[in-house]
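Q: Curious how this folds, go ahead:
(chains A and B)
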Amino acid sequence: MAQPANSLYDQVVKVTDVYLGPAAERFIARQVENHLHKPPQRLSQSDLLSLIDWIRVVVSLITDDSDIVEEYVDELRKLAVNKKPQKGQQGS
Amino acid sequence: MTIVLRNARRLARHATLSYVTLAAAYVLLIFILPPSHTTMRLYHMTSLQYKTVLLLVSIPSLIVWLAAFMGYIRLRLYADSVSESEDGRHFSRLASGAAWLAWSLPVTALLILVLNGFANRWPAWHPASIIVGNYAVLLPVLIAFTMIGGAARSLLQSAQVRISLSATRLIMFFFAAAGVLYCYLVFRNLDLSSLGASQNPFFLPVWLLVVTLIVPYIYAWLVGVLAAYEITLFSNNAGGLLYRRALRLLAVGLVAVIAGSIALQYIGGVHPGASYLVLDGRLLAVTIFRLISGAGFLLLARGADKLKRIEEV
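A: Numbers count the residues shown, from 1 in each chain, chains lettered A, B, ... in the order given. As a prediction, the model looks like this:
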């Protein structure tokens, strides 16, 4: 499905890329599909906090370094703060 | 996901069964094959004592085989988990190279054990056992290093990283120095008055030894050293903090495997072993480098596990 450049999904992948590199896109797509039960392209602002909670749990399984987990989660939270959900927004 | 999991289980089961079979066959052959009378005379041993000592000095090898199987299986499982990604086929090739190295350890050891057994019973077989053994060690290394080198180069290209000129020069310098030293040390064992003379520890005419063993080994080492450098460079330049950490572990493991493997072949050429057991410094050095190689396989397994975890959760 075509999606607008710099969609929320893209931004989440971009933040994740700093931590998971080439695995970032696959990782986020998997989290959205498995935990939010929707196609990654349809990730919306209203899903973000729930996604961040899942990511915190899942990344803790990858690393014991809690500083990195917190740093990653903080970066994701900035996306939630920067873009407040708009009325009627359903993602891309 | 279920298919991947089923394949993973099947692969792990197959590898475990293969390892147990090969290790059991090796131990069994130690006790079945005729002992070396030369070694028994040298150390005043009975047949049973000889076989027990042979088993004891083989234990590090058996452990290293297990590590090697673990390493290549884990790398294969990771490669399978990213098979649809851009780098998937490069990791798959890397896993195939590691598999060649891992399988070559028990297979060549078994072959050499059997050949030495024949040589112990029929001394006229001694030259044949040495010649076949030398080629049996070379062939899988050539294949493995070529595969690993190709994979490392492709990964580096996909990351759009290039080797710097100074690094290339440094590698060439050290490689030339090590290669010349190797030739010098090997040639000390040879009768160079005639290119056709085969009265040497390799039982080959000098020209044949140079063309079919020395040159291919030096080629394989260059490919191996370059592969080790390229995979290190790739891991250092990879994006993603957590991904890079896991990849570095895999790269360090692979470098140790390649370095240990090259060191063993270097020792084998410079100080050719006899077809019978000799408890000397060479055996100690061989055991140390074998263990380094085994540790490398374990690191490789750990790195591949961490990478696979990223793809699973």
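
Q: could you dump stretch B:66-75 to CSV, C-alpha only?
A: Only the C-alpha atoms of stretch B:66-75 are listed here, as CSV (Å, rounded to 0.1, in the frame of the first residue of the first chain):
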residue,chain,number,x,y,z
LEU,B,66,30.4,-29.3,18.8
ALA,B,67,31.1,-25.6,19.0
ALA,B,68,31.5,-25.5,15.2
PHE,B,69,28.2,-27.2,14.6
MET,B,70,26.5,-24.9,17.1
GLY,B,71,28.1,-21.9,15.3
TYR,B,72,27.1,-22.8,11.8
ILE,B,73,23.6,-23.9,12.8
ARG,B,74,22.8,-20.7,14.6
LEU,B,75,24.2,-18.7,11.7
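
Q: A:Glu75 is in contact with A:Ile52, correct?
A: No. Checked against Cβ atoms under 8 Å, the pair A:Ile52 and A:Glu75 is beyond contact range at 9.9 Å. C-beta coordinates here come from the backbone N, C-alpha and C atoms, glycine included.

Q: So the two - more neighbours on which side?
A: Neighbour comparison, A:Ile52 and A:Glu75: the larger count goes to A:Ile52, with 20 against 16 (by other Cβ atoms under 10 Å in any protein chain shown).

Q: what's the spacing between the most centrally placed residue in chain B and B:Ala102?
A: The central residue of chain B, meaning the one whose C-alpha is nearest the mean C-alpha position (Cα atoms, centre = their mean), is B:Ser261 at 4.2 Å. Between B:Ser261 and B:Ala102 the computed distance is 11 Å (Cβ to Cβ, to the nearest Å).

Q: circling back: and the residue nearest to the centre of chain B, which helix or strand is it part of?
A: Secondary structure assigned from DSSP states H and E places B:Ser261 in helix B:241-270.

Q: buried ones in that helix?
A: By neighbour count, and taking 16 or more other Cβ atoms under 10 Å in any protein chain shown as the criterion, the buried residues in helix B:241-270 are B:241-266, B:268-270.

Q: Give me the neighbour count for A:Leu8.
A: Applying other Cβ under 10 Å, we find 23 other residues in the vicinity of A:Leu8.

Q: any idea how far it is from A:Lys38?
A: Separation of A:Leu8 from A:Lys38 (Cβ to Cβ): 12 Å.

Q: Based on its surroundings, how many neighbours for whatever residue of the stretch 151-300 of chain B ends up closest to chain A?
A: Across the stretch 151-300 of chain B, no residue is closer to chain A than B:Gly240, which sits at 2.4 Å (Cβ to the nearest Cβ). For B:Gly240, the count of nearby residues is 20 (other Cβ under 10 Å).

Q: Tell me who's in contact with the spatially closest residue to it that is not a sequence neighbour.
A: In space, not counting the residues next to it along the chain, B:Gly240 is nearest to A:Gly21; the distance is 2.4 Å by Cβ to Cβ, 6 or more residues apart in numbering or on different chains. Under the criterion of Cβ atoms under 8 Å, 6 or more residues apart in numbering or on different chains, the contact list for A:Gly21 reads B:Ala238, B:Gly239, B:Gly240, B:Tyr243, B:Arg244.

Q: Please look at the second one and A:Tyr19 and confirm they touch.
A: I take that to be B:Gly239. No. Distance between B:Gly239 and A:Tyr19: 9.3 Å, which falls outside the contact criterion (Cβ under 8 Å).

Q: So for residue 14, what's the pLDDT?
A: Just going to use chain A. Looking at A:Lys14, its pLDDT reads 94.

Q: that's the wrong chain, I meant chain B
A: Note for B:His14: predicted pLDDT of 89.

Q: Kindly report the same for the one 3 residues further on.
A: In the prediction, the pLDDT value recorded for B:Leu17 is 93.

Q: cool, the one 3 residues further on as well?
A: Looking at B:Val20, its pLDDT reads 96.

Q: which strands and helices sit next to the helix holding B:Ser261?
A: helix A:8-20, helix B:47-81, helix B:88-121, helix B:126-158, helix B:165-187, helix B:215-237, helix B:281-312 (3 or more Cβ pairs under 8 Å, 6 or more residues apart in numbering or on different chains; DSSP states H and E).
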